[in-house]
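just need the structure, nothing else, for what follows:
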Amino acid sequence: MPEKIGFVGVGRMGANMARRLKEVGYPVTAVYDVRAESAQKLAQELGCEACVSLARVTALADVIITVVTDDKAMLKIFSNKKDNLLKCKDSAAGKVFINCATISPKTHVEVAKLAKKAKAASLEACMASSINQARAGTLYLMCGGDEATFSKVKDLLVKLSDEGKLLRYIGTAGKAAQVKALVNMVMNINTAGLAEGLGLANSLGLDLKTVMEVFSQTGANSRVLVTDGEDMMNRDHSCFFSAAHAAKDSGIALSLGKEQKLNLPLAAATFAQYSKMVKVGLGALDKSGIAELTFKGRGPKKAAKKKK
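Just a heads-up that it's a prediction; the model follows:
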């Protein structure tokens with residue numbers, strides 16, 4: 001019989017992952033979110049319990065998948081004195097925690113140590129995909145942790161990653177998070193570069209559709225041209241991956257660079273642009289919204305009006 005699954009963090013990504021696993025036959029038995037209403041709504045949809053404590057999630061599930069926002073939230077769910085996923089050692093022993101948030105590698109390592117101390121196991125499953133892929137079960141997953149733990153939950157992960165075509169075991173705890181930081185660093189740099197290129201093309205009076213077609217057939221081509229080019233042109237910044245998350249993730253990469261005593265000027269410039277978006281109130285826009293800073297006639301106030 002498939003393992004019983006619990007979810008902590010049921011925003012758009014977590015909720016869609018839960019729906020996918022339920023759809024392919026895994027019993028989702030527990031969900032939890034700091035926004036109780038979100039957990040209750042999903043629990044009603046899936047026919048499971050909306051837990052009021054983290055310890056309860058652990059008690060009801062064999063595998064607990066966490067999808068939280070940042071390092072602080074991750075450490076809190078595993079080590080908060082009042083309530084955490086490992087609080088009841090009897091129920092935590094033997095459980096597997098799959099942590100999907102984009103956070104610093106050192107936090108993944110710390111969580112792995114906490115889980116081991118509780119006789120549980122922890123695996124990072126870093127995602128390089130959006131909410132649509134979460135629902136379809138076609139997430140690109142980079143995994144880090146003990147290889148035996150990866151093997152133990154591989155069948156489950158296969159159902160989230162296009163039958164395993166998009167599933168990669170990277171290495172020990174923290175290593176997948178390092179690769180994910182690099183993925184998002186390069187993606188964010190590409191997105192910022194595209195926004196500047198299209199912004200300049202627009203100022204020169206060039207036809208943006210023609211420019212994008214030329215980009216697609218030359219060295220200017222990139223994945224973000226496909227995902228974000230038209231959105232930049234049309235100012236459609238419906239959020240799939242927010243500017244605030246882009247700022248956070250670029251910051252993680254810069255911290256890794258600092259630890260290695262490396263100068264990363266492009267990453268630093270991109271971090272500054274996305275941080276500016278957050279500062280001026282555009283952090284909730286999709287990462288493509290960085291074009292609001294590079295196109296003439298656009299900007300924070302105009303973007304705010306566009307959102308309305």
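
before we move on, what SS does residue 65 have?
With DSSP: H, G, I helix; E, B strand; the rest coil as the basis, residue 65 sits in strand.

where does the stretch 201-308 of the chain dip in pLDDT?
Applying pLDDT under 70 to the stretch 201-308 of the chain flags the ranges 301-308.

give me that answer again for 50
Regions of the stretch 201-308 of the chain meeting the criterion pLDDT under 50 are absent.

quick one: the strands in the chain?
Secondary structure of the chain, counting by DSSP state E: strands at 5-8, 28-32, 49-50, 63-66, 96-99, 121-127, 141-145, 167-171.

in a markdown table, list these along with mean pLDDT, distance to residue 83 and mean neighbour count.
For glycine as for every other residue, the C-beta is placed from the backbone atoms N, C-alpha and C. Output for these, formatted as a markdown table (pLDDT from 0 to 100; distance: least, C-beta to C-beta, whole Å; neighbours: other C-beta atoms under 10 Å):
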| stretch | mean pLDDT | distance to residue 83 | mean neighbour count |
| --- | --- | --- | --- |
| strand 5-8 | 98 | 11 | 28 |
| strand 28-32 | 98 | 10 | 26 |
| strand 49-50 | 98 | 15 | 20 |
| strand 63-66 | 98 | 14 | 25 |
| strand 96-99 | 98 | 15 | 27 |
| strand 121-127 | 97 | 18 | 27 |
| strand 141-145 | 98 | 24 | 26 |
| strand 167-171 | 98 | 31 | 17 |
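
can I get these in CSV including distance to residue 151?
Formatted as CSV, the strands of the chain follow (distance: least, C-beta to C-beta, whole Å):
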stretch, distance to residue 151
strand 5-8, 18
strand 28-32, 22
strand 49-50, 29
strand 63-66, 13
strand 96-99, 11
strand 121-127, 10
strand 141-145, 10
strand 167-171, 9
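
out of those strands, which is closest to residue 279?
Nearest of the strands of the chain to residue 279, taken as C-beta to C-beta: strand 121-127 at 26.6 Å.

so that closest one versus strand 167-171, what angle?
With axes from the mean of the first three to the mean of the last three C-alpha atoms, to 10 degrees defining the directions, strand 121-127 sits at 120 degrees from strand 167-171.

who's in contact with strand 121-127?
Strand 121-127 is contacted from outside by 13, 65, 95-100, 102, 108, 111-112, 114-116, 134, 139-146, 149-150, 152-153, 157, 173-174, 176-177, 179-180, using C-beta atoms under 8 Å, 6 or more residues apart in numbering.

at 7 Å what do you get?
Strand 121-127 is contacted by residues 96-100, 102, 108, 111-112, 115, 139-146, 149-150, 153, 157, 173, 176-177, 180 when judged by C-beta atoms under 7 Å, 6 or more residues apart in numbering.

got any ranges where the stretch 1-150 of the chain has weak pLDDT?
In the stretch 1-150 of the chain (pLDDT under 50), no residue qualifies.

let's see 90
1-2, 88-91, 129-130 (pLDDT under 90).

and the helices in it?
12-23, 36-46, 54-60, 71-79, 89-92, 105-117, 131-136, 147-152 (DSSP state H, counting those that start in this stretch).

which other helices and strands contact the longest one?
Spelled out, that is helix 105-117. Counting contacts by 3 or more C-beta pairs under 7 Å, 6 or more residues apart in numbering; DSSP states H and E, helix 105-117 packs against helix 71-79, strand 96-99, strand 121-127, helix 175-203.
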